[in-house]
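Undergrad: model the structure of this input:
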Amino acid sequence: MLLAPLLVIALVSATALLTPQLQFSRLLDAAPALAAAMFPVAGTLVIGLLAVLASLGVADAQHDIGQTASNFSLIAIAAIALAAAYVSRMRQRHERTLAEVRTVAEIAQRALLRPLPQQIEHIDLDVLYQAAAAQACIGGDFYEATQTSHGVRLIIGDIRGKGLPAVDAASVILSAFRVLAPGAPDLPSLAEQLDTSMSWYCRNLPDTLERFATIVLVEIPAGEPIARVLNCGHPPPLLLQGGEVREVVPSAPSPPVNMADLLDADYRVDTIPFHTGDRLLLYTDGVSEARDADGSFYPLAQRVCRWSFAPLPDFLEHLRQDLRAYVVGTCADDLAALVVHRR
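TA: Reported below is the predicted structural model:
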């Protein structure tokens, strides 16, 4: 790729010498223009100088030095080379800015979505996360897991909307979860406190009613082969047991976060069997609502059956690759998946 400008100079010069009547030498200005996209300023100027020398060589071979057409070609190549050097400088400046933005995004992601440990007490964890925004590392989907006196507690959720407002709201819920999860007596109390935190955050915002989050809270006690699940308007988790997959559909609806005042604030916890070797897959709608070329949703429950016995490090990698093959183009939404395996 880096040799492309030199190849342009060589091919155009050879063609110009073989077909003098067509004046192909005027195309030599394509070399510095191409160099601006891949070389620094100095390299672009060198390519421009080589193009000028090549134009002089062609003109000398054709005995056109000093002619108006030859002089015009030389001036055009020199002018385009200078313009290309300026474009190269601006490109480098934008690349540095983009690199800084990416660095800030990566730092923000590590602060907001901290890497989860592979093991907490009696469970193994693995996470898949992908932001929809181009060049972004974070979005409106979030997750967290923490050890408490009640067992391991987990959260996965999705903020309505995208962009920085969604990231800001996600940070509020995650911060509240990290502070409140260890001390909350049960999942309904934790959900109520998260709702209060979100409502307090949204109290002075103009679009308060449009800012809400769907979440799933899970509690896995160490001494019992069960898991407690509280679903606040979120896609139902999948329970993988003995090669079979079933949705953990809530027995009664619970309000999304920041909608308890508008809807019934009764939080319902469902207790499910969760034995050694069982897995629980938590995910956001970026996974379940991914579409193929025909507009069909991704059949998550059917697909995960194929690799339900795969080692945990490979489980979500299979999911990531299968999603990539299923979706046409890029995913249009943030997506997150958190798999929990009981040891």
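Undergrad: C-alpha only now, for contacts and for neighbours.
TA: Fine.
Undergrad: and the strands in the stretch 201-343 of the chain?
TA: Secondary structure of the stretch 201-343 of the chain, counting by DSSP state E, counting those that start in this stretch: strands at 213-220, 226-232, 238-241, 244-247, 269-273, 279-283, 335-342.
Undergrad: now render those strands as a markdown table, adding mean neighbour count.
TA: Putting the strands of the stretch 201-343 of the chain into a markdown table (neighbours: other C-alpha atoms under 10 Å) gives the following:
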| stretch | mean neighbour count |
| --- | --- |
| strand 213-220 | 25 |
| strand 226-232 | 23 |
| strand 238-241 | 21 |
| strand 244-247 | 15 |
| strand 269-273 | 16 |
| strand 279-283 | 25 |
| strand 335-342 | 23 |
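Undergrad: between those strands, which gets nearest to Leu3?
TA: strand 335-342 (39.8 Å; C-alpha to C-alpha).
Undergrad: show me what the closest one pairs with in its sheet, parallel or antiparallel.
TA: Taking DSSP bridges as the criterion, strand 335-342 sits next to strand 123-130 (antiparallel), strand 279-283 (antiparallel) in its sheet.
Undergrad: lowest average pLDDT across these?
TA: If the strands paired with strand 335-342 are sorted by mean pLDDT, strand 123-130 sits at the bottom with a mean of 93.
Undergrad: which parts of that strand are buried?
TA: 123-127, 129-130 (16 or more other C-alpha atoms under 10 Å).
Undergrad: next, give me the two most distant ones among those.
TA: Pairwise over the buried residues of strand 123-130, using C-alpha to C-alpha, the maximum falls at Ile123 and Gln130, 23.4 Å.
Undergrad: OK, contacts around the nearest residue to Arg228 once chain neighbours are set aside?
TA: The spatially closest residue to Arg228, leaving aside those adjacent along the chain, is Thr271, at 4.5 Å (C-alpha to C-alpha, 6 or more residues apart in numbering). By C-alpha atoms under 8 Å, 6 or more residues apart in numbering, the contact set of Thr271 is 226-229.
Undergrad: tally of neighbours for Ala42?
TA: 12 (other C-alpha atoms under 10 Å).
Undergrad: so what pLDDT did Met1 get?
TA: Confidence score, pLDDT, at Met1: 69.
Undergrad: which one's the longest helix in the protein?
TA: helix 68-112 (DSSP state H).
Undergrad: please consider this matter closed, and thank you.
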